[in-house]
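> Mind looking at a prediction? Sequence and model below.
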Amino acid sequence: MNYYSTRRQAPDVTLEEAVIQGLAPDRGLYMPREIKVLPDDFCSGIAKMSFHQIAERVAESFFGGDIGTDDLMRIVHDTLTFDTPLVQVTPNKWSLELFHGPTAAFKDVGARFMARMLSFFIARSGRSTRITVLVATSGDTGSAVANGFFDVEGIVVVVLYPKGKVSEIQEKQFTTLGRNIRAIAVDGTFDDCQRLVKTAFLDHDLNRELTLTSANSINVARFMPQAFYYFWGVAQLLRKEEAKRIVVSVPSGNLGNITAGLFAKKMGLPVSRFMAANNRNDFLRQYLQSGSCTPRTSIQTIANAMDVGDPSNFARILDLYGHSWEGIKGDVSGVSYTDEEIRAAMKRVYVNTGYILDPHGACGYLALEEGLQRGETGIFLETAAPAKFLDTVEESIGVRVAIPEQIKHFISGITKTVDFPKDFLPFKHYLLSL
Ligand SMILES: *Cc1c(COP(=O)(O)O)cnc(C)c1O
């Protein structure tokens with residue numbers, strides 16, 4: 001399968017080139033030339049399949065032409081070493097818990113898949129030069145990518161994060177690993193971090209000296225595998241009840257996760273519509289309302305992994321629907337919530353049902369509470385474990401939250417990080433000195 005750039009000023013590339021480059025040379029995002037519709041009997045039979053069986057079929061459809069079946073299946077199985085269970089919260093609202101991976105956030109799926117696919121391509125090509133993975137994070141990407149790539153031969157990871165704007169547990173997860181993982185605290189916002197990464201990709205000196213790639217959701221190997229769990233979430237629901245009209249609500253920031261869901265819908269996933277649940281950074285909601293969009297600086301909220309003012313993957317959504325506002329509105333609605341509304345939802349759901357939401361999942365839940373219609377069944381994505389946002393969640397619900405085993409050991413680790421301003425030059429010199 002070939003991949004084209006959303007800006008259409010760069011030549012088509014292979015999967016391998018798209019994964020290694022990350023961003024296209026014209027600063028566009030790579031998109032597959034074709035999204036194959038899966039056969040009807042697959043989509044109607046998913047309730048009888050396992051997570052691995054579903055993921056194998058979806059992965060084959062995306063990447064089967066580029067990687068041999070055995071290697072691809074190994075990558076899929078090594079990625080999915082944990083489940084994403086569907087848990088009922090109220091009679092018509094279900095939580096798809098995506099936080100049972102090593103860093104307790106949904107990004108583990110994409111990051112683990114990408115690390116394995118990249119190291120497969122490095123081994124296959126026999127290249128001797130090291131690859132430097134740059135990743136800007138608003139919190140969870142950094143930890144998922146750092147852990148996904150930790151100790152992978154031939155790869156150095158540089159994580160850029162906005163100083164003081166990520167939770168302590170998030171920061172620990174990428175600043176305590178050491179070895180091939182470096183962390184940079186940028187005096188600025190997530191958007192500043194993302195800008196530094198994008199500028200690095202265009203810098204001639206850097207690209208002459210280093211092989212740079214991105215592990216943000218701009219990388220096709222990061223966002224596409226997220227389609228796996230949309231199928232698996234729906235499969236689990238269909239095992240439990242005959243849901244006719246399924247609505248999926250996705251807590252959204254950089255829009256990579258919802259883009260994977262929309263890919264799944266194009267492939268035949270039986271979902272009637274999607275909701276993009278934003279915090280106060282409501283870029284997509286504004287677009288859906290007005291048909292135009294204005295990138296802005298991000299606003300800091302308690303759902304900080306969604307503090308994105310200028311979401312990269314919007315370009316992919318536009319392309320997926322041939323830039324048709326009507327088309328996008330037909331499949332997606334957008335809502336936005338304040339910190340107060342998010343806190344109140346966490347409290348209300350805990351008191352009424354005993355279920356603990358994290359601030360991001362709470363946005364997804366609120367969207368269903370507000371927008372679900374008669375006859376519809378809602379699935380919201382629980383994108384991170386509540387314990388990753390310990391102070392916020394405990395303050396909101398008034399009880400102690402248990403910390404999952406898999407993230408406990410990070411807490412005692414020693415933080416190693418370097419401080420940088422948001423200007424490009426010092427960052428460039430740092431990369432050259434690695
Ligand atoms: C990254 C993240 C999001 C937003 O996902 P996008 O793909 O950037 O839209 C939502 N919730 C959590 C917990 C995250 O880490």
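Now that the structure is in, tell me what you want to look at. Residues are numbered from 1 along each chain as shown.
> Name the single longest helix found in this protein.
Longest helix in the chain by number of residues (criterion: DSSP state H): helix 107-125.
> Packing partners of the very next helix or strand once past it?
Sequence-wise, the next helix or strand downstream of helix 107-125 (DSSP states H and E) is strand 131-136. Applying 3 or more C-beta pairs under 8 Å, 6 or more residues apart in numbering; DSSP states H and E, we find strand 131-136 packed against helix 107-125, helix 140-149, strand 155-162, helix 190-202, strand 211-214. From N, CA and C alone the C-beta is placed, and that goes for glycine too.
> and these, which is most packed in?
Among the helices and strands packed on strand 131-136, ranked by average contacts under mean count of other C-beta atoms under 10 Å, first place goes to helix 140-149 (a mean of 29).
> Which residue ranges make up each domain of this structure?
Structurally, the chain divides into domains by automatic domain parsing as follows: 53-106+222-407, 108-220+412-433.
> can you put those in CSV and add distance to the ligand?
Shown next, in CSV, are the domains of the chain (distance: least, C-beta to the nearest ligand atom, whole Å):
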stretch, distance to the ligand
domain 53-106+222-407, 3
domain 108-220+412-433, 3
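> rank those by pLDDT, which is bottom?
Lowest mean pLDDT within the domains of the chain: domain 108-220+412-433, at a mean of 91.
> what's near enough to touch Val349?
89, 355-357, 362, 365 (C-beta atoms under 8 Å, 6 or more residues apart in numbering).
> Which of those residues sits closest to Leu98?
Leu357 (13.0 Å; C-beta to C-beta).
> Secondary structure element for that closest one, which one?
Using DSSP H and E, Leu357 maps to neither a helix nor a strand.
> Quick check: closest non-adjacent residue to it.
Among residues not flanking Leu357 along the chain, Met346 sits closest, at 5.0 Å (C-beta to C-beta, 6 or more residues apart in numbering).
> can you check Pro39 too?
Nearest one to Pro39, counting by C-beta to C-beta, 6+ apart, is Gly268 at 8.0 Å.
> just to revisit the earlier point, and the domains of the chain: which comes nearest Ala24?
Comparing the domains of the chain by C-beta to C-beta, domain 108-220+412-433 comes nearest, at 9.3 Å.
> Endpoints of the closest one, how far apart?
Domain 108-220+412-433 has an end-to-end distance of 29 Å (criterion: C-alpha to C-alpha, to the nearest Å).
> Next, count neighbours for Gly28.
The tally of other residues near Gly28 (other C-beta atoms under 10 Å) stands at 19.
> wait, what's in contact with it?
Per C-beta under 8 Å, 6+ apart, neighbours of Gly28: 5-10, 315.
> Right, I'll call it a day here.
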